[in-house]
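>>> Next comes the sequence, and after it the predicted model I'd like to discuss.
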Amino acid sequence: MEELDEKIKKINVNRRTFLKGAAIGLAGTALPLNKADASFWEAFFQKHFREMNEAEIKKVLSRLEKDYEDKYRKEIKVGNEKPMPGVLFGYGLDLSRCIGCRRCVYACVEENNQSLDPQIHWITVLRFKKGDKWVDLENSEKYYNPSQVPEKEYFYMPIQCQQCENPPCVRVCPTKATWKEPDGIVVIDYNWCIGCRYCMAACPYGARRFNWGEPGRPAEKINPKTHYLGNRPRYKGVVEKCTFCIQRTRNGRYPACVEACPVGARKFGNLLDPQSEIRYAIEHKRVFRLKEDLNTNPKFYYFFAYGK
C-alpha cells in the first residue's frame with residue numbers, strides 16, 4: 001500500500017486532473033497505465049454509488065477496508081446502513097443554554113475522523129455580543145479564547161451543515177457526488193468528488209470543508225466504525241462536512257455532539273415523530289432557521305428555551 005501511495009503521489013492522478021487532461025486532449029498522458037495498480041484503478045473507475053447494486057457495493061466496501069488496513073495497520077469497518085423508513089432527521093439547538101465550550105467540536109473531530117494536521121472542524125462555534133441587533137455570520141468571532149466560558153456579555157451559536165431540504169450544494173455539483181438521502185441527510189461520495197468546490201461556493205452557511213493537504217490523523221486516533229457516506233478516512237482534494245453522524249444515527253444513536261454537550265443544548269430526533277424531542281422544540285419554543293429567505297429549508301432549528 002505504501003508503494004501504491006508513492007505512485008499516486010508521483011503521478012498525481014485523480015478525477016480532477018484526469019478531467020482537466022481530457023478537456024485538452026491529454027488524457028493519455030494523464031493516465032500511465034503501465035504503472036497502475038489494480039486496486040487504484042478499481043477505485044478510479046468506480047461506478048456512482050447510487051448506480052451500484054448490493055454485490056458491487058459490498059465489493060467496494062471490502063476493497064476500502066483492505067486499503068485502510070494496509071494504510072493504518074488496523075481493522076477499519078466501512079458500513080452502509082440504509083435510511084430507516086418513516087424517519088426524517090432534524091436538529092435543534094438551544095442558544096439560551098449553549099456556553100461556547102466547544103466540546104461538540106472536539107467530539108465531532110474524534111467521532112468523524114477529521115484531520116488533525118491540517119485541522120478540519122465540521123462545527124464552528126461563533127461568539128456574539130449580547131444586545132446586537134442581528135447576527136452577522138460572515139463577520140462573527142470564531143477564534144475567541146477566554147479564560148472561562150460562558151462569558152456574561154456574550155452568547156454563542158454553533159454552525160454546521162444545516163441539512164437543507166433544498167440544498168443548493170447538491171444542485172451545483174457537476175459529478176453528482178453529493179445528494180440528499182431519504183432521511184434528510186446530505187451526503188458526499190468522496191470517491192466521486194473532484195474537488196471543484198462549487199458546493200462550497202453555493203453553501204450559504206459555510207458548512208463544507210476542503211482537504212487542501214493529505215488529511216493527517218494517526219492510526220491510533222482513527223475511529224474504526226465508519227460509514228461509506230460519512231466518517232471513513234478522506235483524501236486530499238475532496239470536500240467533507242457534517243452528516244449528522246450517519247454511522248451512529250442510522251443505528252439508533254445520537255450524534256456525537258449531542259452526547260458531548262454538557263448542558264443539554266442540543267436536541268435531535270425524527271421530524272415525522274410527534275413525540276420526538278425535536279418536534280416538541282419546534283412546536284413549543286421560539287424557533288428560527290438561518291437564512292430562511294433563501295428557501296433552502298434547513299432541518300436545523302435554533303431556539304431559546306428561556307431568555308438570556
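Cool, got the structure. This one's a predicted model, so the numbers in the text were calculated from it and none came from an experiment. Numbering: from 1, shown residues only.
>>> contacting residues for the nearest residue to residue 251 once chain neighbours are set aside?
Spatial nearest neighbour of residue 251, chain neighbours left out: residue 81 (6.2 Å); criterion: Cβ to Cβ, 6 or more residues apart in numbering. In short, each C-beta sits where N, CA and C put it, glycine included. Listed by Cβ atoms under 8 Å, 6 or more residues apart in numbering, the contact set of residue 81 reads 227, 246-247, 250-251.
>>> Identify each buried residue in stretch 256-272, please.
Across stretch 256-272, burial judged by 16 or more other Cβ atoms under 10 Å covers 256-261, 265-271.
>>> nope, stretch 66-80 is what I meant
Applying 16+ other Cβ under 10 Å to stretch 66-80 flags 67-68, 71-72, 76, 78-79 as buried.
>>> what's near enough to touch residue 216?
115-118.
>>> And the most centrally placed residue in the chain, how close does it get to residue 205?
Against the mean C-alpha coordinate of the chain, by Cα atoms, centre = their mean, the closest residue is residue 241 at 2.1 Å. Applying Cβ to Cβ, to the nearest Å, the value for residue 241 to residue 205 is 10 Å.
>>> ditto for residue 134
Counting by Cβ to Cβ - residue 134 and residue 205 are separated by 16 Å.
>>> looking at this, residue 287 is in a strand?
Yes: judged by DSSP: H, G, I helix; E, B strand; the rest coil, residue 287 forms part of a strand.
>>> Around it, how many other residues sit close by?
As a burial measure, residue 287 scores 16 neighbours (other Cβ atoms under 10 Å).
>>> same deal with residue 91?
26.
>>> That one against residue 268, yeah?
Yes: with contact defined as Cβ atoms under 8 Å, residue 91 and residue 268 form a contacting pair (5.5 Å).
>>> quick one: common contacting residues for the two?
244, 255, 278.
>>> Now do the contacts for the first one.
The neighbourhood of residue 244, defined by Cβ under 8 Å, 6+ apart, consists of 89, 91, 163, 185, 255, 268.
>>> so what's in contact with residue 241 and residue 205 at the same time?
residue 161.
>>> Contacts only, for the residue nearest to residue 209 when sequence neighbours are not counted.
In this structure, residue 209 finds its nearest non-sequential neighbour in residue 120, 4.9 Å apart by Cβ to Cβ, 6+ apart. Counting by Cβ under 8 Å, 6+ apart, residue 120 touches 109, 114, 209, 211, 215, 240.
>>> cool, residue 188 as well?
177-178, 229, 238-241.
>>> Apply 7 Å and report the result again.
177-178, 239-241 (Cβ atoms under 7 Å, 6 or more residues apart in numbering).
>>> Could you identify the helix or strand that succeeds the helix or strand bottoming out on mean pLDDT in the chain?
For the chain, using mean pLDDT, DSSP states H and E, the weakest element among its helices and strands is helix 27-30, scoring a mean of 43. On the C-terminal side of helix 27-30, the nearest following helix or strand under DSSP states H and E is helix 38-44.
>>> what helices or strands is that next one leaning on?
The criterion is 3 or more Cβ pairs under 7 Å, 6 or more residues apart in numbering; DSSP states H and E, and the helices and strands that helix 38-44 contacts are helix 2-11, helix 54-72.
>>> Which of those helices comes out lowest on mean pLDDT?
Of all these, the minimum mean pLDDT falls on helix 2-11 (a mean of 49).
>>> how near is residue 303 to residue 130?
Taking Cβ to Cβ as the measure, residue 303 falls 17 Å from residue 130.
>>> and those two? which has more neighbours close in?
For residue 303 versus residue 130, neighbours defined as other Cβ under 10 Å are more numerous around residue 303 (18 against 10).
>>> State the helix or strand in which the more buried one lies.
Going by DSSP H and E, residue 303 is in strand 300-304.
>>> Mind listing the strands that strand pairs with, and their directions?
In the sheet, strand 300-304 lines up against strand 89-94 (parallel), strand 286-288 (antiparallel) (DSSP bridges).
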